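Trainee: Test case, fold it:
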Amino acid sequence: MDYSLSFKVNEKIFVRDPEGTELGKQIVKNAIDLIYKLGFEHFTFKKLAKEMNTTEATIYRYFENKHRLLLYILNWYWSYLEYLVVFQLQPLANTTDKLTRLIELLTHELPESEGQSDYNKKFLHQIVISESSKVYLVKEVKEINEDKVFKPFKDLCARISELIQAHNSAYKFPHSLSSTLIETAHSQLFFSQHLPKLTDAGNENKQLFVENYLKDLLFKSLK
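Mentor: Below you'll find the model as predicted:
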């Protein structure tokens, strides 16, 4: 059975909820495509407006700036990924199988079969790899965090932490390991694609290399 997914995103991120109108959804959809094509540094509301044959003022009615738009996109991604973690791990019998599937989810593109959305999930995954750190590696991170806009990311880390504790209750650093797994997945995927000498990927499939590396890191840490 096919179904459509939507997630409640913190209202502090947007001026007007893009999920509330078809135009808003198209702004997010086209932003994902354009950020993937240009990179976040070269992406502007002016270019997005031109791509959509609309005005910059129209986009500003939904988002204060491009940083908030990127934050919205990433919130959607983190919420979707947490949904997949819950949905796909629940039927598995033991924590080893659950952690193994978790690593697969962290290192591969979002599956197209899990719910309908207008967003290009391949592009979205590449944006997360290349751009996600740019929403919190900013001087104003403390002030931004006060609006609880990183909650989906924190919720995902907390869920992974719970799974780590279930596997080994004596392990002392479950939250640190959970965030390390996510960030390492991104950095190693990026390095293996663009700066391969910073990895041991060689000619191996990049996603498979990072998957195997993280499994090795995780299970040796939890021994």
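
Trainee: buried residues in the helix or strand of the chain with the lowest mean pLDDT?
Mentor: Ranking every helix and strand in the chain by mean pLDDT, DSSP states H and E puts helix 141-145 at the bottom, with a mean of 88. Within helix 141-145, the residues scored as buried using 16 or more other C-beta atoms under 10 Å are Ile144. Just so you know, the C-beta spots here come from the backbone N, C-alpha and C atoms, and that holds for glycine as well.

Trainee: do the same with stretch 103-110
Mentor: Neighbour-count burial for stretch 103-110 [16+ other C-beta under 10 Å]: 103, 105-107, 110.

Trainee: How about stretch 75-90?
Mentor: 75-82, 84-85, 88-89.

Trainee: from the chain's centre, how far out does the least confident helix or strand of the chain sit?
Mentor: Computed by C-alpha atoms, centre = their mean, to the nearest Å, the separation of helix 141-145 from the middle of its chain amounts to 19 Å.

Trainee: contact partners of it?
Mentor: 135-136, 138, 150 (C-beta atoms under 8 Å, 6 or more residues apart in numbering).

Trainee: Which SSE is immediately downstream of that helix?
Mentor: Counting by DSSP states H and E, the next helix or strand C-terminal to helix 141-145 is helix 151-167.

Trainee: Following element in sequence after that next one, please.
Mentor: helix 174-194.

Trainee: Export only the CA atoms of that next one, formatted as PDB.
Mentor: C-alpha atoms of helix 174-194 as PDB (Å, rounded to 0.1, in the frame of the first residue of the first chain):
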ATOM      1  CA  PRO A 174      26.400   5.900  23.900                       C
ATOM      2  CA  HIS A 175      25.400   9.400  22.900                       C
ATOM      3  CA  SER A 176      28.900  10.300  21.700                       C
ATOM      4  CA  LEU A 177      29.000   7.100  19.700                       C
ATOM      5  CA  SER A 178      25.600   7.700  18.100                       C
ATOM      6  CA  SER A 179      26.600  11.200  16.900                       C
ATOM      7  CA  THR A 180      30.000   9.900  15.800                       C
ATOM      8  CA  LEU A 181      28.400   7.200  13.700                       C
ATOM      9  CA  ILE A 182      26.200   9.800  11.900                       C
ATOM     10  CA  GLU A 183      28.900  12.400  11.300                       C
ATOM     11  CA  THR A 184      31.500   9.800  10.300                       C
ATOM     12  CA  ALA A 185      29.100   8.300   7.800                       C
ATOM     13  CA  HIS A 186      28.800  11.800   6.200                       C
ATOM     14  CA  SER A 187      32.500  12.700   6.300                       C
ATOM     15  CA  GLN A 188      33.800   9.300   5.100                       C
ATOM     16  CA  LEU A 189      31.200   9.300   2.200                       C
ATOM     17  CA  PHE A 190      32.300  12.800   1.300                       C
ATOM     18  CA  PHE A 191      36.000  12.000   1.600                       C
ATOM     19  CA  SER A 192      35.800   8.700  -0.400                       C
ATOM     20  CA  GLN A 193      34.100  10.600  -3.200                       C
ATOM     21  CA  HIS A 194      36.200  13.800  -3.300                       C
END
